[in-house]
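In: Below are the sequence and a predicted model; questions follow.
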Amino acid sequence: MMVPLALLVLGGLAASMAPRVLTRADWPDREPVLALWVWQCVVAGVLLCCALAMALSAAAAWEAVRGNVFAPAPHGVMEAYALTAYGPWAAPLAVALASGAVWTAAMLTREIRDARARRRRRRAELLVRSPRLPGEDRGAERLVVLEGDHPEAWLLRAGTAPQLVITTAALRRLNDSQLDAVLAHEQGHARARHDWLLHCSAALANGFPQVPVFAAFRDQVHHLVELAADDSASRRSGRLATALALVELNEDRGVFGPCPTPLSHVPDRVLRLLAPAPRLTTGRRLRLTAVAALVPFVPVLVTFVPGLSVLGAR
């Protein structure tokens, strides 16, 4: 029972310590894409700890599972894990972890279903506000303009390519470079498939609200994907145009006032664009990328230690 317990302890340490370390670091806002990679590797490591502990516990509890798990292993490897000594806790532990896996899949399915329902509603609202003319192919348009008194812009997945929907109030406020920045921002979201990151983080946080790493993962993903899209827009249209576009689209929402709002992060994004902090050096970025990529391999290494020790003794 030592290996599953070691995996669960390792996963618990990562789930409790990683959010504190990453949220206190000063570099994620400077390197949002790298920070997203690190968060994904940490969460993948935690999930791997649970999955591998479930596989070993199930192998100890049931003969049929044991045969499948250790079928490709050389002779003597299965004995190194001392599966028969796991005791009566193997089956309940395997069932509990399997239930967590099923619950995670159910939450992700619900999240995707709800997102699709929201997209269908927005497409229906778009058709009401901007009906198609006879012979018009709406899927070929990159930009859809709607009459509106409030400056708004959003990306709508419709057909094969995403569309930028923008109101006439926004067009009156934005000049050409600012409009290009808005388009580049939304295209950055679509190109990096940020919607999938948002779905997965929301599913884990909603399914396991008591696990700090999942709640922090959701909050940080929402924050970092916006910064990454801002950087994508600034590379194409410039930091000043991107910052001014943010101001023009959000000024009427009260985000720059003294009272906090759900969009209170917008002023910080504007300041970040106007007074950017220096990026990390290339060497440090490469080191962080490599270290993060090794995180999911730690539980795999812990799992294979008994088998490798037997093979190495031959």
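Out: Nice, I can see it. Numbers count the residues shown, from 1 in each chain.
In: Enumerate every residue touching the nearest residue to Ala98 once chain neighbours are set aside.
Out: Counting by CB to CB, 6 or more residues apart in numbering, the nearest residue to Ala98 once its immediate chain neighbours are dropped is Met54, at 5.8 Å. All C-beta spots, glycine's among them, are computed from the backbone N, C-alpha and C. By CB atoms under 8 Å, 6 or more residues apart in numbering, the contact list for Met54 reads 93-94, 97-98, 101.
In: Correct me if wrong, but Met54 is in a helix.
Out: Yes. Residue state for Met54 (DSSP: H, G, I helix; E, B strand; the rest coil) corresponds to a helix.
In: That one and Trp89: what is the separation?
Out: As judged by CB to CB, to the nearest Å, Met54 and Trp89 stand 13 Å apart.
In: Neighbours of Val144, how many?
Out: Each residue near Val144 was counted by other CB atoms under 10 Å, and the total is 15.
In: swap in Gly238?
Out: Here the neighbour count serves as a burial measure; for Gly238 (other CB under 10 Å) it reads 16.
In: With Thr109 instead?
Out: Each residue near Thr109 was counted by other CB under 10 Å, and the total is 11.
In: helix or strand for it, which one?
Out: Assigned by DSSP states H and E, Thr109 belongs to helix 90-129.
In: May I see the buried residues of that helix?
Out: Judged by neighbour count (16 or more other CB atoms under 10 Å), helix 90-129 contains these buried residues: 90, 93-94, 97-98, 100, 104, 107-108, 111, 115, 123, 126.
In: export the contacts of Met54 to TSV and tack on distance to Trp27?
Out: TSV is the format used below for the contacts of Met54 (distance: CB to CB, whole Å):
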residue	distance to Trp27
Leu93	38
Ala94	39
Leu97	34
Ala98	38
Ala101	33
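In: tell me which of these is nearest to Arg253?
Out: Using CB to CB, the shortest approach to Arg253 within the contacts of Met54 belongs to Ala101, at 40.3 Å.
In: Can you verify my assumption that that closest one contacts Ala51?
Out: Yes. Contact status for Ala101 versus Ala51: in contact at 7.1 Å, counting by CB atoms under 8 Å.
In: hang on, the earlier thing: next, find the distance separating the residue nearest to Ala98 from Glu147.
Out: The span separating Met54 from Glu147 equals 54 Å under the rule CB to CB.
In: now Thr167
Out: Applying CB to CB, the value for Thr167 to Glu147 is 7 Å.
In: Tell me which of the two has more neighbours.
Out: Under the neighbour definition other CB under 10 Å, Thr167 and Glu147 were set side by side, and Thr167 has more, 20 against 9.
In: tell me the contacts of Ser99?
Out: Ser99 sits next to no residue when contact means CB under 8 Å, 6+ apart.
In: Kindly provide the distance from Ala153 to His75.
Out: In this view, Ala153 and His75 are 64 Å apart by CB to CB.
In: What's the end-to-end length of stretch 21-40?
Out: Stretch 21-40 stretches 15 Å from its first residue to its last (CA to CA, to the nearest Å).
In: pLDDT weak spots in the protein?
Out: Across the chain, residues meeting the criterion (pLDDT under 70) sit at 1, 73, 76, 85, 130-142, 158-161, 257-264, 308, 310-314.
In: Validate this expectation: Trp154 resides in a helix.
Out: No. Looking at Trp154 with three-state DSSP, it is strand, so not inside a helix.
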